[in-house]
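>>> Okay, predicted coordinates and the sequence, questions at the end:
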Amino acid sequence: MPPSSPSAKFLDELIELLSSMRFAISLLTLLAIASVVGMVIPQNEPPNVYLNRFGQLWDPVFSALGLYSVYSTAWFIAILAFLVLSTTLCIIRQFSPLLREIRSFREHAREASLRGFALSASLAPTLPPEARCQAVTSYLSREGFRLRVNQREGSTLVAAKKGHWGHIGYFLAHGAIVLICLGGLLDGNLLLSMQIHLAGKVPTSGNQLISQIPPSAWLDTRTKGGFRGNVSIPQGQSRDFAVIASGDGILLQRLPFHIELKHFNVEYYANGMPKRYTSDVLITDKETGEKFEPTIEVNKPFKHRGIALYQSAFDDAGSVLHMTMHHFWVGDHPDSQPINAEVGGSIPLGPFSLEFTDFKPVNVESMGGQSKEDRSRNLLGSAAATTEFAKDMNSLGPSFSYRLRNSAGQTQEFINYMQPILFAGRKYLFSGTRSDPQTPFSFARIPLDEDDSASTWFAIRRIFFDPKRHGALVKSYLSSNKPNNEESAAAREGRKLFAENTLAAFTQDGWLGVTHLINTIIPEKKDNPSPEEADSREQMLEDTIILSETVLSALTQEAWKIAREAAGKSTSAMPNEMQELYIRDALAALNQTYFLPFYLQLDSFEHRQATVLQAARSPGKPLVYLGSLFLALGVFAMLYIRERRLFVLLKENEALVAVSSDRKSIDLDETFARHRDGLAAALGARPT
Amino acid sequence: MEQATPSPTFLSMPTHTNCLAKRNIGDWLFALAVIAGTGFAYHRLVHVMDGTDIAILILHALLLIAVGWLWRPFRLFSVTVAALALFSIWLYQGDLTRSIDKETLNGVVKGVFFLKYLLSSQSAISWMSAFIFMATGAYWIGLAARSSFAERTGSALTWWSAVMGTVGLCVRWHESWLLSPETAHIPISSLYEVMVFFCLVTALLYLFYENRYNTRKLGAFILPIISIAAVYMLWLAFNTTAYQIQPLTAPLRSYWMKIHVPANFIGYGGFTIAAMVGVAYLLVFGAETPSPQENRPPLGLRASLAGHLPEPRVLEDIMYKAIAIGFAFFTVATILGALWAAEAWGGYWSWDPKEVAALIVWLNYAVWLHMRLTRNLRGTTLAWWAFVGLFVSVFAFIGVNTFLGGLHSYGNVSGS
Ligand code: HEM
């Protein structure tokens, strides 16, 4: 080697370092640690999430280090770049030695070095010398060795090898690392961020209409880098761009074709989980006008012009709801009127606004909860028989949700089911409400007539909550609930007053109002009531509450009669015990909904869905896939094709057997022993 | 000279190119049985299978034959599993409720005894856990009392745990069909199912090394870990609804999953075994054992263990083999996962926490393999690294699902 200059020497040392195993080990460890950081800290969340989480002190530090998007920071990319560099150098440096290793048989190995092998044995053959070489080579060929015979002075060396192709695995696996990293680089954000910097692209906040988005946020179809974005298409509409999330904002990538959603279809499991969703789309190439009509579904993407379209999710795209609004509050309007709305839209309603938030065509609920005791059963029997999926699945039909927002911006949220739902053997309309989105809905159950209509209950509701009709209601209550014996005028007046007050209190504040009323009409003995006095007051309170319940039931019954008669339904059409249950449920529902100004009943709907497709171009994918194939093959080859070299040195009175391998392992000992014995048998020898 | 530890035997390992010549009658009978079984399955199910299914059926048969030939005890194992699973399916006669007591108008109808207590999926899986616990005990007694009888018992119990686990999963698959054909899927898609799978794969891998290296001493180290997995599995069954058969979400309805998950768990199984062998290595390495001439009992627990367990050199070899098989399968699993993600989500790599966790585990063992090739990072460093690797793997598997979430399926540990 020519004497090298200091700088050349430095370069040599640098390459030596970069391609050393220790450097590789350090790099891989470093990469693992960096990944841990990216795994533990949720990536690419909105900035305030991090501020809340890490506080004023650490947030800026973490942010500067890029810990919120680790995988696209310069330092992370640098680690990967070093990995590629190191592996490449390593491959280059190993190339010719390994190639020589694969090719050579080492048939010139010297006797002294063979005797120095850890695994060597000397045999004394009894076979005549002419036949020995033949015996050895045929044995070794039978055992799958490739071999070369070297006749030399006074001896013959048979050099055999097997599994030398395993070294190819080294090139495959390590070359794969380079391929995969390069491919990944092509597909990653790196090119996108270069475009952002070089072409002056600026992500936009995304809160404006498409037509208002500035050109600086559009990427045109000429750009060929990798990207991944969402395309959301409502039924019947067409889109030709994908939305790419970039930092806090979005970029829009123009696509070289139009995608029109012809039809979107969801299949559900019996438990209401979506099983399969498919988009029938029409794709029209902008340049050639070619048309395709693929069906895109999960795990079955469609590709055109290097862009793959994947089914990723679905959404409501403004389903139209046809409803009847049953008014409860008193005023100059019809009792009920039709209204129409779209999901996502809102309707002004006096001081309120009514916002329609969601529509679900299918709801399924498991009605049977499992108790802790049941669970010990889980360890016996079949998994399927104890699966809730199998039983008590109740299809609840379509539902929709809406919010009522007052002028102060406070909201009350509702969910109504379209169809009557069977509950404890009876059918009801279900309506849930909550004011805090974190809490579960509390449900009101509106009882139904024998023809499954809720109109009687709506009428009861209106009678009950219209103070003008209270007089007539109480009157009819008094006349149908006459005591058996003669009643004094004062007693009758007392009953009337109690009924009127109870009704007023109930319609103002539900049962709470009634309890409050009773507490005020039964005076409390102010100063230290004796225990008997306190007891008797308790007793009186209890009696009065029971009385008020009876009165309210009776009033409900009266209202029920009035409503039925007005609707032309005979009161005797409902059997007595059913009547009783109906009244009970009706009163309970009145209490649950006393604050509700109206009820929205869904009559029919037009379900409109949007499909959410993911559009992706990954120019690096072929590299990555090829690399993956090499990696799998290479790793198996390296770990499972064991190189074995076997030498038999045939001399006058001796056969020297030696075995070596590039890796030490215990099975090598066994291989040696087996071949030693096999060769001994072939040569008719015993070990000396 | 009689050695303290029997030297490993590799006699049944086909190191020959002409491996057909090495087959004995048992091998051929086994192959015939597998082919017959495959033909039967084809005959019965051809109407519900598509081309890919049939290809998988054939590959599966070839794989079974290959493993049976490579590792002979596996033949009896497969045949036993097949017999028990088919018996269970026959007992069901297409009616799920035959496995439990049910109330009818004419009083309570008892479940079929064998189904209820033995061969329905949940019972079989419970038996698997029971056998694992018993095997752990047996191996410990074997180690403490130096009883080879106890060790052989441990070995037999481990075999039975693997048999019952496999039968349990096979039957569970059948049950999912009985439940509803649209729900039916191979039972490796929920946390509960993969825990069962983990237990049986690790047990089988362990038995493989037990055979190969002709030593039953390591059961005392490896079975406890499987026991912990079984306890976790039982906890899931008791406290959550994870044991229920649930339908698959749309992305999970993919062929990739059927290969991705098993490959992953062979990986985890290998790493687990390596970690525990690493523990054994750390205990034994450097312990002073009396030389045979001294003829005195060893001093101290470590020394006494060292006299009993295989030499460090053998332990190191097992550790390497286990990590090699784990790494190879984990590589394949990660690649399959990327292919699957590409089809389901439109990108082969999204830096999703679960993907990153797999990457970390993989890098960790890549480092291990390279360290083994350097001169001065071997020995105890490697054993420690393998042991710590177990925690990395456990976190990648359970921790990420529980704490970090992401795209992967068995996210919901708490159930409902
Ligand atoms: C993610 C990256 C890498 C992976 C997955 C990987 C994988 C492997 C595997 C599985 C082996 C075989 C180990 C054995 O037989 O026990 C191996 C060997 C080897 N690796 Fe890597 N490696 C990586 C990176 C590197 C780098 C960066 C270098 C170079 C500095 C390197 C240098 C080597 C060398 C020299 C061998 C020995 C080859 C032989 O003797 O056949 N590796 N590698």
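Yep, it's here.
>>> elements contacting the longest helix along chain A?
As assigned by DSSP state H, the longest helix anywhere in chain A is helix A:531-566. Here helix A:531-566 touches helix A:455-464, helix A:467-480, helix A:489-521, helix A:576-592, going by 3 or more C-beta pairs under 8 Å, 6 or more residues apart in numbering or on different chains; DSSP states H and E. In this view, the C-beta of every residue, glycine as well, is placed from N, C-alpha and C.
>>> Next, the buried residues of it.
Neighbour-count burial for helix A:531-566, counted by 16 or more other C-beta atoms under 10 Å in any protein chain shown, picks out A:544, A:548, A:551-552, A:554-560, A:562-564.
>>> and what of stretch B:389-402?
Using 16+ other C-beta under 10 Å as the test for burial, stretch B:389-402 gives B:389-390, B:392-401.
>>> separation between A:Ile583 and chain B?
Look at A:Ile583 and chain B: by C-beta to the nearest C-beta, to the nearest Å, they are 34 Å apart.
>>> Might one say that that residue is in contact with A:Trp560?
Yes: because the distance of 6.4 Å satisfies C-beta atoms under 8 Å, A:Ile583 is recorded as touching A:Trp560.
>>> picking up where we left off before, may I see the buried residues of helix A:531-566 arranged in JSON lines, with pLDDT and distance to the ligand as well?
What follows is these, written out as JSON lines (pLDDT from 0 to 100; distance: C-beta to the nearest ligand atom, whole Å):
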{"residue": "A:Thr544", "pLDDT": "87", "distance to the ligand": "81"}
{"residue": "A:Ser548", "pLDDT": "88", "distance to the ligand": "78"}
{"residue": "A:Val551", "pLDDT": "90", "distance to the ligand": "81"}
{"residue": "A:Leu552", "pLDDT": "89", "distance to the ligand": "76"}
{"residue": "A:Ala554", "pLDDT": "90", "distance to the ligand": "82"}
{"residue": "A:Leu555", "pLDDT": "90", "distance to the ligand": "80"}
{"residue": "A:Thr556", "pLDDT": "90", "distance to the ligand": "76"}
{"residue": "A:Gln557", "pLDDT": "89", "distance to the ligand": "80"}
{"residue": "A:Glu558", "pLDDT": "89", "distance to the ligand": "83"}
{"residue": "A:Ala559", "pLDDT": "90", "distance to the ligand": "78"}
{"residue": "A:Trp560", "pLDDT": "90", "distance to the ligand": "78"}
{"residue": "A:Ile562", "pLDDT": "89", "distance to the ligand": "82"}
{"residue": "A:Ala563", "pLDDT": "88", "distance to the ligand": "77"}
{"residue": "A:Arg564", "pLDDT": "88", "distance to the ligand": "80"}
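>>> Could you list the single helix or strand in the chain with the lowest mean pLDDT?
The chain I'm using is chain A. Here the helix or strand of chain A ranked lowest by mean pLDDT, DSSP states H and E is helix A:372-376, holding a mean of 45.
>>> that's the wrong chain, I meant chain B
Evaluated with mean pLDDT, DSSP H and E, the helix-and-strand set of chain B has its lowest mean pLDDT in strand B:102-104, which scores a mean of 65.
>>> mind checking the SS state of the closest residue to A:Ser238 other than its chain neighbours?
Using C-beta to C-beta, 6 or more residues apart in numbering or on different chains and skipping residues adjacent in sequence, the residue nearest A:Ser238 is A:Glu260, 4.0 Å away. Of the three states, A:Glu260 takes strand according to DSSP: H, G, I helix; E, B strand; the rest coil.
>>> dump the residue contacts of A:Glu260.
With contacts defined as C-beta atoms under 8 Å, 6 or more residues apart in numbering or on different chains, A:Glu260 is in contact with A:233, A:236-238, A:281-284.
>>> And those, which of them are buried?
Buried members of the contacts of A:Glu260, counted by 16+ other C-beta under 10 Å: A:233, A:281, A:283.
>>> can I get the CA coordinates of whichever strand or helix holds the second one in PDB?
I take that to be A:Val281. Take DSSP states H and E as the rule and A:Val281 turns out to sit in strand A:274-285. Coordinates of the C-alpha atoms in strand A:274-285 are reproduced here as PDB (Å, rounded to 0.1, in the frame of the first residue of the first chain):
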ATOM      1  CA  PRO A 274     -70.300  -2.100  10.200                       C
ATOM      2  CA  LYS A 275     -69.200  -5.200   8.500                       C
ATOM      3  CA  ARG A 276     -68.200  -4.000   5.100                       C
ATOM      4  CA  TYR A 277     -68.400  -0.700   3.300                       C
ATOM      5  CA  THR A 278     -68.000  -0.100  -0.300                       C
ATOM      6  CA  SER A 279     -68.000   2.900  -2.700                       C
ATOM      7  CA  ASP A 280     -69.100   2.500  -6.200                       C
ATOM      8  CA  VAL A 281     -67.400   5.300  -8.000                       C
ATOM      9  CA  LEU A 282     -67.000   6.700 -11.500                       C
ATOM     10  CA  ILE A 283     -63.500   7.800 -12.300                       C
ATOM     11  CA  THR A 284     -63.000  10.100 -15.300                       C
ATOM     12  CA  ASP A 285     -59.500  10.800 -16.400                       C
END
